[in-house]
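S.K.: Build me a model from this:
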Amino acid sequence: MRGNKTNKNVLVAIVPRKKDWEIIKTQHWYRIPVKSAPAIINQVKFLAFYQPKVFAKDKWSVNYYAEVKNFEIVKRIELLPDEPKHVRSENEYYKITISELKKLPGPIPSRRWRRITFIPTTYNRLFEAKEINDLYCTTPIEEKMYRSLQKEKIPAERQLFVYDTKNPCCLDFAIFCKDGKLNVECDGEPYHSSKEAQIKDRKRDNDLTSIGWSILRFSGKEINQKPIDGIRQIRKTIKSLKGIEQNKMP
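M.R.: As a prediction, the model looks like this:
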């Protein structure tokens, strides 16, 4: 049914306000600040929309998507002339014109409260995802680790940003335990083997450790050749942290 749409780029974007949702539904456009737009912005063929707490029954999930029709760059004041005094009124935004909204076959929920802005994904993943973490397109070793964690029923948040450190950190996998938090990192050899990368990783690990994170790192070779050993170590660490924390949405 989906034909050649399967591998089309999709961008999942947050709708922070009900006013923005009305614009999407009635005027058929969405805005993204040029300065913070994802690198793939000009390749996006579909937008899907994550709705936060303000959307009642649709909250904390992706429920709708639409085809992208056109891109243009305009100032915020041109898009929202009724907000002339906004601090970003003169900033440039992508105005993305879209088709009529379509509802997904089922919601794609977030299992845990987390800050979500943009998730680049594919049309195929959008229709196959059971929850937010299924949407992420990452490296082959991260994909393999994710499937192993799923098989072992270990709930992990993918690409989770931590903002409490000196510089924001994006974690490959975050596992929340009763007595702490565990970060699992998948280190691809070409990047993480350089001296500069190792120094950067060490500083990052130190920052995370100082705010209460436990960290496990696995190389691509370990993930590909001995995945069970990695899972055993993850389970052992979870046990030392008193087990998996029961998820509580705000």
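S.K.: Of all the residues in the longest helix along the chain, which ones are buried?
M.R.: When the chain is parsed with DSSP state H, its longest helix is helix 195-210. By 16 or more other C-beta atoms under 10 Å, the buried positions in helix 195-210 come out as 201, 204, 205, 207, 208. Where C-beta positions appear, they are placed from N, C-alpha and C, glycine not excepted.
S.K.: Same question for stretch 92-111.
M.R.: So for stretch 92-111, counting by 16+ other C-beta under 10 Å, buried means 93, 94, 95, 96, 98, 104, 107, 108, 109, 110.
S.K.: what's the span of it from first residue to last?
M.R.: For stretch 92-111, the separation between the terminal residues is 34 Å (C-alpha to C-alpha, to the nearest Å).
S.K.: Check the offset of it from the chain's centre.
M.R.: Relative to the centre of its chain, stretch 92-111 is centred 15 Å away, using C-alpha atoms, centre = their mean, to the nearest Å.
S.K.: same thing with stretch 223-236?
M.R.: 24 Å.
S.K.: could you give the mean pLDDT of that stretch?
M.R.: Stretch 223-236 shows a mean pLDDT of 96.
S.K.: do stretch 81-88 as well
M.R.: On average, stretch 81-88 scores 97.
S.K.: Render the CA-only coordinates of it in PDB, please.
M.R.: Presented in PDB, the C-alpha positions along stretch 81-88 are these (Å, rounded to 0.1, in the frame of the first residue of the first chain):
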ATOM      1  CA  PRO A  81       1.600  39.000  13.000                       C
ATOM      2  CA  ASP A  82      -0.600  38.900  16.200                       C
ATOM      3  CA  GLU A  83       2.600  38.300  18.300                       C
ATOM      4  CA  PRO A  84       4.700  41.400  17.200                       C
ATOM      5  CA  LYS A  85       6.500  41.700  20.600                       C
ATOM      6  CA  HIS A  86       7.700  38.100  20.800                       C
ATOM      7  CA  VAL A  87      11.400  37.900  21.500                       C
ATOM      8  CA  ARG A  88      12.000  36.000  18.300                       C
END
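S.K.: so what pLDDT did the closest residue to residue 204 other than its chain neighbours get?
M.R.: Distances taken as C-beta to C-beta, 6 or more residues apart in numbering place residue 169 nearest to residue 204, at 5.8 Å, with adjacent residues excluded. pLDDT, residue 169: 93.
S.K.: Is residue 169 in contact with residue 209, as I believe?
M.R.: No: Residue 169 lies out of contact with residue 209 (C-beta atoms under 8 Å); the separation is 11.4 Å.
S.K.: hey, which strand is longest across this structure?
M.R.: strand 61-75 (DSSP state E).
S.K.: Now do the buried residues in that strand.
M.R.: Within strand 61-75, the residues scored as buried using 16+ other C-beta under 10 Å are 61, 62, 63, 64, 65, 66, 68.
S.K.: Also stretch 50-59?
M.R.: For stretch 50-59, burial by neighbour count (16+ other C-beta under 10 Å) applies to 50, 51, 52, 55, 58, 59.
S.K.: which one of the residues you listed is nearest residue 22?
M.R.: Distance to residue 22, by C-beta to C-beta, is smallest for residue 55 among these, at 11.9 Å.
S.K.: what sits against that closest one?
M.R.: By C-beta atoms under 8 Å, 6 or more residues apart in numbering, the contact set of residue 55 is 15, 18, 21.
S.K.: would CSV of those with pLDDT be doable?
M.R.: Formatted as CSV, the contacts of residue 55 follow (pLDDT from 0 to 100):
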residue, pLDDT
15, 98
18, 97
21, 98
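S.K.: Point out where the protein drops to low pLDDT.
M.R.: 1-4, 190-194, 248, 250 (pLDDT under 70).
S.K.: one more time with 90, if that's ok
M.R.: Filtered on pLDDT under 90, the chain yields the residue ranges 1-7, 115, 117, 165-167, 188-200, 246-250.
S.K.: Show me where this structure has its helices.
M.R.: 18-26, 76-79, 123-128, 140-151, 189-192, 195-210, 220-225, 227-240.
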